[in-house]
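> fold the following for me, if possible:
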Amino acid sequence: MEDEILSLARARGGKAEVFSVDSNRTGVEFRANEFYSQDSRLTRGYGLRLVRNGRVGFSSTTNPDVVEELVEAALDTAAFGKSCRFDFPGPGPKPAVTTFHNRVIVLPALKMIDWGRELIEAVRARVPGLKLDVTFTRTYREIVVMNTAGLDTRFSRAEFDLSVTGLIIHDGLVWIPEYENLSSGKPPDIGSLADRMEQRALSARSRARLATGTYPVIFMPTAIPNLLCPIMVGVNGKQLEKGTSPLIGKTGQQMLDEKITITDNGLRDFGLASGPFDAEGVPRRRTAVFDRGVFTGFLFDLATAGGCRAETTGSASRDFSTQPQPGTSNIELATGAARLEETIKDVREGLLVHDCIGGGQSNVLAGDIALSISIGYRIENGAVAGRVKDAMIAGNVYEMFRNVEAVGDTERDLGTYFVPFVKFPALKVATRD
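Below you'll find the model as predicted:
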């Protein structure tokens, strides 16, 4: 099918690229401790990007019987498209990366159901009043990129993860989320999951008050993506092209604490965004955007690299129905030397943050955030003292990360984020108490 689309596009328009995704998704869901549904979904789509009279046209379809209409639509849009400032990549070697395991592909849905029931029984044995929503999601993808420069490359990826949300009612609703990336073929660690949920449920049963003020704050790995998201927006080459990134002109400068190294790693084994090449067929790579706090550069796809007179970093991201744009793959925050238990013991009065909501109410492009703490605990005299309600942290993430006291020694796999905990010595916390 891709050959047919490319041949017709070559005959009509000249330079062209076909991107296709064939996905098979299986989901198993439990709600409120009871099995709810099992479903499967097959999707296949084709995206065509071509160049006509120096301008880029694009169209997409899920219907393999409308090839001529697909090409005509792309030709029509080229009249209104952006000027082409890039060349399609040709064939070349692909880096090694492991993106699927046979155990994931052959795993029956009935096994996921068994695991779900086992997890619910284990958690309820520890916390009888907890109601759990459990979701297993497995997606097998085949991704193909072909173009008129001779590129014909493809790979498969099996994504498999487990999301759990516990709900307990104690002085209001308390949500306890958990997550495991199972793409490596390992079974879920039910005992460890149950232990973590039990510990957090027990901590949530006691209410603690924290007055508005400035405190040391420990962000657990599950909350770190809320802080990193504005930074990853800032390193996107599209923001450089638009002139809206606060990092413009800062390459090579110390922007964050030297304890902070942030890497976009598209070659991480079993990462949910890993692959040997990006959405334009450019080889993936491991790109450090901050090296010990020093900003090292932006992430580009072909078009933004051309617009910024730079080279692509193999960071093109897309679905078949959209044109490529720069995006992140697997974000890694390098571990440090701090142990969580010792770090908590060193806090006389502070806040331990497991999860947040919000963040987009402020100027994200500038790094400003406003996070409502959905799951947070007061630390008092080196111990977790109880759940804190109605707390918020607002500030600028670049300023926050310029002063980091400690980085955890253990990395947490969150699928596309691989991060430790981070302790900030002094953040402003607003509460209603």
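
> can we go C-alpha only for contacts and neighbour counts from here?
Noted.

> how about the strands in the stretch 151-300 of the chain?
For the stretch 151-300 of the chain, the strands defined by DSSP state E, counting those that start in this stretch cover 152-169, 173-181, 213-219, 262-265, 286-291, 294-295.

> CA atoms of the helix or strand where R44 lies as CSV?
Per DSSP states H and E: R44 is located in strand 34-52. Listed next in CSV are the C-alpha coordinates belonging to strand 34-52 (Å, rounded to 0.1, in the frame of the first residue of the first chain):
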residue,chain,number,x,y,z
GLU,A,34,-15.1,-5.3,39.7
PHE,A,35,-14.2,-6.5,36.2
TYR,A,36,-15.8,-4.0,33.8
SER,A,37,-14.7,-4.6,30.2
GLN,A,38,-12.3,-6.1,27.7
ASP,A,39,-12.0,-4.6,24.3
SER,A,40,-9.7,-4.6,21.2
ARG,A,41,-9.3,-2.0,18.5
LEU,A,42,-7.5,-2.2,15.1
THR,A,43,-6.4,1.0,13.4
ARG,A,44,-4.4,1.6,10.3
GLY,A,45,-3.8,5.0,8.7
TYR,A,46,-1.6,6.6,6.1
GLY,A,47,-0.2,10.1,6.0
LEU,A,48,1.2,11.6,2.8
ARG,A,49,3.5,14.6,2.7
LEU,A,50,4.7,15.9,-0.6
VAL,A,51,6.4,18.9,-2.1
ARG,A,52,4.9,20.8,-5.1
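
> K131 is in contact with I168, isn't it?
Yes - contact criterion CA atoms under 8 Å: K131 and I168 qualify, at 6.6 Å.

> hmm, back to that, list the buried residues of the strand holding R44.
Residues 35, 38, 44-52 are the ones in strand 34-52 that count as buried (16 or more other CA atoms under 10 Å).

> and what of stretch 295-302?
So for stretch 295-302, counting by 16+ other CA under 10 Å, buried means 295-302.

> what's the end-to-end length of it?
21 Å (CA to CA, to the nearest Å).

> got it, and stretch 226-241?
24 Å.

> next: stretch 242-257.
27 Å.

> ok, residues contacting that stretch?
Applying CA atoms under 8 Å, 6 or more residues apart in numbering, the contact partners of stretch 242-257 are 234-235, 239-240, 290, 292-297, 365-366, 398-399, 401-404.

> what pLDDT does E72 get?
E72 carries a pLDDT value of 92.

> okay, now the unreliable bits of this structure?
The chain contains residues with pLDDT under 70 at 171-172, 358-362, 433.

> show me how it divides into domains.
Under the assignment automatic domain parsing, the domains of the chain span 2-198, 207-433.

> out of these, which one sits most buried?
Comparing those by mean neighbour count (mean count of other CA atoms under 10 Å), domain 207-433 ranks first with a mean of 20.

> chain center to that one: distance?
In terms of CA atoms, centre = their mean, to the nearest Å, the centre of domain 207-433 is found 11 Å from the chain centre.

> one more: stretch 117-134?
27 Å.

> between its first and last residues, how far does it reach?
9 Å.

> then stretch 215-229?
Distance between the two ends of stretch 215-229: 23 Å, counting by CA to CA.

> then stretch 395-414?
End-to-end span of stretch 395-414 (CA to CA): 24 Å.

> contact partners of that stretch?
With contacts defined as CA under 8 Å, 6+ apart, stretch 395-414 is touched by 179-181, 221-222, 227-228, 230-231, 255-257, 259-260, 293, 335-340, 343, 366-370, 418-425, 427-428.

> do the same with stretch 304-318
85-86, 237-238, 240-241, 277-280, 282-285, 287, 299-302, 324-329.

> what about the helices in the stretch 301-433 of the chain?
Along the stretch 301-433 of the chain, counting by DSSP state H, counting those that start in this stretch, helices occupy 302-307, 340-345, 397-401.

> coming back round to it: let me have the strands of the stretch 151-300 of the chain in a markdown table, extended by distance to R200.
Converted to a markdown table, these look like this (distance: least, CA to CA, whole Å):
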| stretch | distance to R200 |
| --- | --- |
| strand 152-169 | 10 |
| strand 173-181 | 7 |
| strand 213-219 | 15 |
| strand 262-265 | 29 |
| strand 286-291 | 33 |
| strand 294-295 | 36 |
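
> skipping adjacent residues, who's closest to N381 in space?
By the measure of CA to CA, 6 or more residues apart in numbering, the closest residue to N381 outside its immediate chain neighbours is R348, 4.2 Å from it.

> R138 touches F160, doesn't it?
Yes - here R138 reaches F160: they are 4.3 Å apart, a contact under CA under 8 Å.

> overlap in contacts, these two.
Common neighbours of R138 and F160 are listed as V104 (criterion: CA under 8 Å, 6+ apart).

> distance from stretch 140-156 to the middle of the chain?
When C-alpha coordinates are averaged (CA atoms, centre = their mean), stretch 140-156 and its chain have centres 23 Å apart.

> end to end on that stretch, go ahead and measure it.
End-to-end distance (CA to CA), stretch 140-156: 7 Å.

> over to stretch 357-375?
End-to-end distance for stretch 357-375: 9 Å, by CA to CA.

> now what about it, what contacts it?
For stretch 357-375, using CA under 8 Å, 6+ apart, the contacting residues are 174-176, 226, 230-231, 233-234, 244-246, 353-356, 387-398.

> dump the buried residues of strand 34-52 to TSV, plus distance to L119.
Output for those, formatted as TSV (distance: CA to CA, whole Å):
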residue	distance to L119
F35	12
Q38	17
R44	33
G45	36
Y46	39
G47	41
L48	44
R49	46
L50	50
V51	53
R52	56
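
> just give me the closest of the residues you listed to K186.
Q38 (21.0 Å; CA to CA).

> any idea what the closest one is bridged to?
V28 (DSSP bridges).

> go ahead and confirm it touches V28.
Yes - with contact defined as CA under 8 Å, Q38 counts as touching V28 (4.5 Å).

> between the two, which contacts overlap?
Here Q38 and V28 share the contacting residues A109, scored by CA under 8 Å, 6+ apart.

> got a list of what K94 touches?
Counting by CA under 8 Å, 6+ apart, K94 has contacts 276-277, 283.

> thanks again, I'm all set now.
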